[in-house]
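K.L.:
I need the structure of the sequence given here:
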Amino acid sequence: MATPKNWILLRGLARGVGHWGSFVTTLKSRFPNDNFELIDIPGNGLRCHEKSPTSIPEYVKDMRERSEFVRNRKNFHLFAVSLGGMITVEWMRQFPHEVEKAFVVCTSSASTSSFHERLLADNYGKVLRMVTSKRDDAEWERTILNMIVNDHERRSAEMAQMIQFSKDHPVKLANVARQLLAASRYRFPEQAPGNIKVIGSYGDRLVSPTCSLKIAERWGTTAVMHSWAGHDVPLDDPQWLIEQLL
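P.N.:
Below is the predicted model:
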């Protein structure tokens, strides 16, 4: 029997632990003997009333303070999406001895990609309407899911749960802005700070697929690319993604 692994899961911009949807259940059923920590970054999900930091190292400090694995000096794997991927890279840069392996999904870096690649132009109008219109939590969540999930059936299956979680834990626009500022300023190191698997998708309509490809190229590795999934690969094709973690 394989030795049980420890996993920390980190979500991205304006997303909380409830936005993993059914992915976590599928993941745990695939790795029934492993241990999992789902940690919200400040300002998101269960921590929506907290103030988001404006630098990636501040998020790392916060995450480490909340991790039971860190407190108990247990090594772990990091699995992260988007902004969570940036936190993961910085975590490994500062504390390489803690992380056995990391999987970063649809993330980006200011050192390899331009602003218009890190947020595709087709989304500018949608984002502007979201931040300037009167807040409707249901419409907010529907707009986000339409931008990040490509499979209509998967989107519909997850929609009700996502809307409820966003209603119960609404992210503040000020925190979204602070997270965006932190992401926009973060630059990946010239070399991978450890064992990192870069995962992207050619169907990503929020962030250009070239972001993952450029990170992998800089680090002298090959990005694993999904053929059609959106930015939220865990929701679009959980089974495929979990196979990449083996």
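K.L.:
Roughly how far does Leu13 sit from Leu206?
P.N.:
Distance, Leu13 to Leu206, by Cβ to Cβ, to the nearest Å: 9 Å. In short, each C-beta sits where N, CA and C put it, glycine included.
K.L.:
what about the two, which has more around it?
P.N.:
Leu13 (24 against 21; other Cβ atoms under 10 Å).
K.L.:
isn't that one right up against Leu181?
P.N.:
No. Contact criterion Cβ atoms under 8 Å: Leu13 and Leu181 do not qualify, at 11.1 Å.
K.L.:
for the protein, which residue is closest to the average position?
P.N.:
Taking Cα atoms, centre = their mean, the centroid of the chain lies closest to Val81, which sits 2.1 Å from it.
K.L.:
Over to it: give its phi and psi.
P.N.:
For Val81, the backbone dihedrals (degrees, to the nearest 10) come out as phi -120, psi 130.
K.L.:
give me the low-pLDDT residue ranges for this structure?
P.N.:
Residue ranges of the chain with pLDDT under 70: 1.
K.L.:
80 - rerun?
P.N.:
Across the chain, residues meeting the criterion (pLDDT under 80) sit at 1-2, 131-135.
K.L.:
where exactly do the helices run in this protein?
P.N.:
Along the chain, the segments classed as helices by DSSP state H run 23-30, 56-66, 68-71, 83-94, 115-118, 124-132, 137-148, 152-168, 173-185, 210-218, 233-236, 238-243.
K.L.:
So what touches the third one?
P.N.:
What it means is helix 68-71. Residues from elsewhere that reach helix 68-71, judged by Cβ atoms under 8 Å, 6 or more residues apart in numbering: 6, 8, 35, 37, 64, 75-76, 98.
K.L.:
give the contact list for Phe188.
P.N.:
Residues near Phe188 by Cβ under 8 Å, 6+ apart: 86, 89, 109, 111-112, 215, 218.
K.L.:
can you do 7 Å?
P.N.:
Going by Cβ atoms under 7 Å, 6 or more residues apart in numbering, Phe188 touches 89, 109, 111-112, 215.
K.L.:
what do you get for Lys167?
P.N.:
Shown in contact with Lys167 (Cβ under 7 Å, 6+ apart): Asp137.
K.L.:
Hmm, Ser108 and the residue nearest to the centre of the chain touching each other?
P.N.:
No. Counting by Cβ atoms under 7 Å, Ser108 is not a contact partner of Val81; they are 11.4 Å apart.
K.L.:
now stretch 148-158: how far from the chain's centre is it?
P.N.:
Taking Cα atoms, centre = their mean, to the nearest Å, the mean C-alpha location of stretch 148-158 is offset from the chain mean by 17 Å.
K.L.:
Using CSV, write down the CA coordinates of stretch 223-234.
P.N.:
Extracted C-alpha coordinates of stretch 223-234, given in CSV (Å, rounded to 0.1, in the frame of the first residue of the first chain):
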residue,chain,number,x,y,z
ALA,A,223,3.3,22.2,-19.4
VAL,A,224,0.6,19.6,-19.3
MET,A,225,-2.3,21.2,-21.3
HIS,A,226,-6.0,20.2,-21.3
SER,A,227,-7.5,20.5,-24.8
TRP,A,228,-10.8,22.3,-24.0
ALA,A,229,-11.4,23.0,-20.3
GLY,A,230,-11.8,26.5,-19.0
HIS,A,231,-9.8,28.3,-16.4
ASP,A,232,-11.4,26.2,-13.7
VAL,A,233,-10.1,22.8,-14.8
PRO,A,234,-11.1,21.2,-11.5
